[in-house]
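Q: Sequence first, then the predicted structure, then my questions.
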Amino acid sequence: MMLLRQSEIKKFYKIDRVSLYSYENQGILKSYKTPGKHRRYLKEDIEKLLGLQNVDSRKVACYARVSTKKQEENLQRQVERLRTYCDKKGYSSITFYSDIASGLNDNRRQFNKLLDQVVKQNINTIVVEYKDRLCRFGLNILHNLLKGYGCTIEIVNNEQEVSNNELVEDVLSIITSYSARLYGKRSHKKEIKSKLGL
C-alpha cells in the first residue's frame, strides 16, 4: 500500500489539488490523513481513477448456466459470448464454470466450486451474461457477500433473460421440492402411528 502526496500526484499523474478535492466531494476518491492532518492518496486508487491499472492482474471467472439438458447448445453459445466479452475487456487470466441446473438449485457443482475459489481469494471478478445466470433470487445478498472477499460481479447484459420454459422448470422444481417434503412428513407420521399401533 503506497500513499502519495498531492505534489507527487500532480507531478506524475497531472491531477491538481482542486481536482483531487472535487473527486473526494463526489465520493470517487478517498483521502487518508496523516497525524499532521495532511492528505494522502493511495497510488492504486489514483491509477484506478485514471484507468491505468493492469487488467491482466484480474483473476476472472466466467459463469454460464442453463436450466435443462435440452439447452446445452445454448450453454456453449453463452460461454463463447462470455469469452468474446472478456477478450474485448482485455482479461487474460480467465477460468470458465458452467452448470446445467435450475437457478433455484443451491447445490450446483460448478457454482459451488466458483464460490470456493472466491473464498480462497483466487478470483476477484465474476462475469455473467445475465444476472439470473448466477441465481434467480438473492443476487444482492450474494453481491454483498462476494464484495467482502474482494470480488465483484460484472453483468454483460442487464436486461433480464428468462424464457417461459425456464420459468416453468423453476416453478416445477419448487413444487416437486415442497411435495417431496410434504409427502415425506406424511409417510413419517404414518410410520410412527403404525409403530404405536394407532
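A: Everything's here; your move. Numbers count the residues shown, from 1 in each chain.

Q: give me every residue that touches Tyr23.
A: Neighbour list for Tyr23: 29, 49 [criterion: C-beta atoms under 8 Å, 6 or more residues apart in numbering]. The way it works is simple: take the backbone N, C-alpha and C, and place the C-beta from them, glycine included.

Q: Likewise for Ile94?
A: Here Ile94 is in contact with 60-62, 83, 86 (criterion: C-beta under 8 Å, 6+ apart).

Q: pLDDT averaged over stretch 33-49 - what is it?
A: On average, the pLDDT along stretch 33-49 is 90.

Q: try stretch 111-127
A: For stretch 111-127, mean pLDDT is 94.

Q: For it, which residues meet the burial criterion?
A: Residues of stretch 111-127 classed as buried: 111, 114-115, 117-118, 123-127 (neighbour count, 16 or more other C-beta atoms under 10 Å).

Q: will you turn those residues into JSON lines that also has distance to Tyr32 and secondary structure?
A: Output for the buried residues of stretch 111-127, formatted as JSON lines (distance: C-beta to C-beta, whole Å; DSSP: H, G, I helix; E, B strand; the rest coil):
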{"residue": "Phe111", "distance to Tyr32": "38", "secondary structure": "helix"}
{"residue": "Leu114", "distance to Tyr32": "34", "secondary structure": "helix"}
{"residue": "Leu115", "distance to Tyr32": "32", "secondary structure": "helix"}
{"residue": "Gln117", "distance to Tyr32": "31", "secondary structure": "helix"}
{"residue": "Val118", "distance to Tyr32": "28", "secondary structure": "helix"}
{"residue": "Ile123", "distance to Tyr32": "28", "secondary structure": "coil"}
{"residue": "Asn124", "distance to Tyr32": "22", "secondary structure": "coil"}
{"residue": "Thr125", "distance to Tyr32": "26", "secondary structure": "strand"}
{"residue": "Ile126", "distance to Tyr32": "29", "secondary structure": "strand"}
{"residue": "Val127", "distance to Tyr32": "31", "secondary structure": "strand"}
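
Q: of all these, which comes closest to Leu42?
A: Among the buried residues of stretch 111-127, Asn124 lies closest to Leu42 (C-beta to C-beta), at 16.8 Å.

Q: the strands in this structure, which residues?
A: Secondary structure of the chain (DSSP state E): strands at 3-4, 31-33, 39-42, 60-66, 94-100, 125-128, 152-155.

Q: Out of the ones you listed, the one nearest Glu24 is which?
A: Judging the strands of the chain by C-beta to C-beta, what sits closest to Glu24 is strand 31-33, at 5.7 Å.

Q: what lines up beside that closest one in the sheet?
A: Looking at strand 31-33 with DSSP bridges, its partner strands are strand 39-42 (antiparallel).

Q: Identify the residues contacting the strand it pairs with?
A: With contact meaning C-beta under 8 Å, 6+ apart, strand 39-42 is reached by 1-6, 9, 20, 29-34.

Q: Only the buried subset of these, as a ChimeraX command please.
A: A single ChimeraX command is used to select the members of these judged buried by 16+ other C-beta under 10 Å:
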select :4,6,9,20,29,31
